[in-house]
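Undergrad: quick one: sequence and predicted model below, then my questions.
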Amino acid sequence: PTGYPLYILLGRLFAALPVGSVAWRINIASAVFATSALSLLYLAGRRLWKEPIAALLAAVLFGLTPTFWSQAVEAEVYALHALVVAGALWLMAVMHDHGIEADCCATPVFGWPSSSGWQQTVWMLTLVIALGLTNHLTSIILIPAAVLAVWLAYGKCLRSQGWTANGLLLLKVGLAILLPLLLYAYLPLRWEALHEEPMGWGRFVDWVIGGRFQGALQLTAWLNDQTRYEIVWRLLLAEWGWYNLLLALLGLIYAAVRNWRVALVLLVTWAGYIFYALNYHVPDLAVFLIPAYAVIALLWGAGMASILAIIASLLDRRGWTAYRFPLSAVIILLLILPALGRVVRNWPDSLYRDQVALQVWGEGVLSMPLEQNAAVLADSEKIAPLYYLQQAEGRRPDLDIMVLPDEAAYRAEVDARVPAGQTVYL
């Protein structure tokens, strides 16, 4: 649960690549999603702050944060989720850059006709968020910020075009929501192929909404459990440090001065994911904060852009324009040194290339002269390499490899299989 059909189907495309192992191909998918997310985050920052170097460094810094890096090099759904969030932030940045025009309704967007360009942007934003819902349900947190962004950028257009045109736009938005959600039809199809029985409507709904995880989401925890604030703050501080968080705060002030609408949309996005983290009780909470970290990265870029703007203004006043480039370069170096220092300290923990012990163990086991059609009762750690090598790499398909919940279940399997003449390996 929740099925993650978008991630699974895209992963299948990467699995077809004729290079490396299946695991390597799926890990490469995460790297591609993550790099694409950083590219869109750079484009969003450049469009918002008009300072390419600040936008670039913000994207690079976000890419080097420990949690994001960890999800960019393993088979998980969070790099694709980050791509969805970055795409939504970029489109909202496009909206605000476009919406500040004197007559947004008559200005083309992305080269589309001027009369409908802004509507196509709204449709694209809706489609991106709906696709996100087929990968990770927390994409729903983007909806309040998206609605706010549309209203602040295109409110004048919505008010001026009349009920009929707005109704057609609403219909397009509805289709942009429903069409991606059809990807969830993959679940009952695949379920029946795997289990040789229909999934059923009740099980389908419970699977899609992640019914077994519902107890972890406690929407009053932010009121009743003050330790949740300590936990989230500790994660933010571990990821960014005091210096970078203060620079992001400066960026929020700078954004509010330049365009309060942009600052408000970013703040609503960030607050939505922080609120979710305050109420979600899971051990891997940091990965659910990746969208909030993306907003912090954008604001960090705004903070750097504000300092560069102040330096340029001071130099221009004194007529020292010739010194702008070298002084800006020195300022940029001084601003990124603390951030790079954190990266260097975290780097040893970010390397995964030597963690192949379980793979080596699994290959060693399956190369042994195990009896044909035997059963292998593995524990929760050793099941992973054995099952992967069998299911993905086609090694020893005759073996019945399983993991069981407790000692009694293992004993029951042994007592049933051995008298029937089957060889059992523990």
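TA: It's in.
Undergrad: which residues in the stretch 51-200 of the chain form helices?
TA: 52-63, 66-72, 78-99, 117-133, 142-160, 162-181, 186-195 (DSSP state H, counting those that start in this stretch).
Undergrad: deepest of these, which one?
TA: Comparing those by mean neighbour count (mean count of other CB atoms under 10 Å), helix 78-99 comes out on top with a mean of 25. Glycine gets a C-beta too; all of them are placed from N, C-alpha and C.
Undergrad: I'd like to know how far the closest residue to T321 other than its chain neighbours sits from L250.
TA: Among residues not flanking T321 along the chain, L315 sits closest, at 6.2 Å (CB to CB, 6 or more residues apart in numbering). For L315, the distance to L250 (CB to CB, to the nearest Å) stands at 20 Å.
Undergrad: would you map the helices across the stretch 301-426 of the chain?
TA: Going by DSSP H, counting those that start in this stretch, the stretch 301-426 of the chain shows helices at 324-350, 357-366, 383-391, 407-417.
Undergrad: if I pick A23, what's in contact with it?
TA: A75, Y388, A392 (CB atoms under 8 Å, 6 or more residues apart in numbering).
Undergrad: what's the answer for G200, then?
TA: Taking CB under 8 Å, 6+ apart, one finds nothing in contact with G200.
Undergrad: which residues of this protein score low on pLDDT?
TA: 98-116, 322-324, 346, 348-354 (pLDDT under 70).
Undergrad: longest helix in it, please.
TA: helix 227-258 (DSSP state H).
Undergrad: now do it: distance to the chain's middle.
TA: 19 Å (CA atoms, centre = their mean, to the nearest Å).
Undergrad: state the distance from the closest residue to Y186 other than its chain neighbours to G132.
TA: Excluding the flanking residues, the one nearest Y186 by CB to CB, 6+ apart is P5, at 4.4 Å. To G132, P5 is 12 Å away according to CB to CB.
Undergrad: same question for V32.
TA: For V32 relative to G132 (CB to CB), the value is 17 Å.
Undergrad: next one: A29
TA: From A29 to G132 the distance is 16 Å (CB to CB).
Undergrad: and what of I253?
TA: 30 Å.
Undergrad: can you pull the contacts of the residue lying closest to Y78 once chain neighbours are set aside?
TA: Counting by CB to CB, 6+ apart, Y78 lies nearest to Q71, which is 4.1 Å off, once chain neighbours are set aside. Going by CB under 8 Å, 6+ apart, Q71 touches S30, A34, Y78, A79, A82, V287, I290.
Undergrad: who's in contact with the last one?
TA: Residues in contact with I290, defined by CB under 8 Å, 6+ apart, are T67, F68, Q71, Y78, H81, A82, V85.
Undergrad: okay, buried residues for stretch 15-34 please.
TA: V22, A23, R25, I26, N27, I28, A29, S30, F33, A34 (16 or more other CB atoms under 10 Å).
Undergrad: restricted to helices, list those residues.
TA: Per DSSP H, the buried residues of stretch 15-34 map to helices at V22, A23, R25, I26, N27, I28, A29, S30, F33, A34.
Undergrad: would you confirm that the first one contacts A15?
TA: If I follow you right, that is V22. Yes. With contact taken as CB atoms under 8 Å, V22 and A15 are classed as touching, separated by 5.6 Å.
Undergrad: from the middle of its chain, how far away would stretch 217-233 be?
TA: 22 Å.
Undergrad: quote the end-to-end distance of it.
TA: 19 Å (CA to CA, to the nearest Å).
Undergrad: can you pull the buried residues of that stretch?
TA: Those would be Q218, A221, W222, R228, V232, for stretch 217-233 by 16+ other CB under 10 Å.
Undergrad: which residues sit against it?
TA: I274, F275, A277, L278, N279, Y280, H281, L285, L289.
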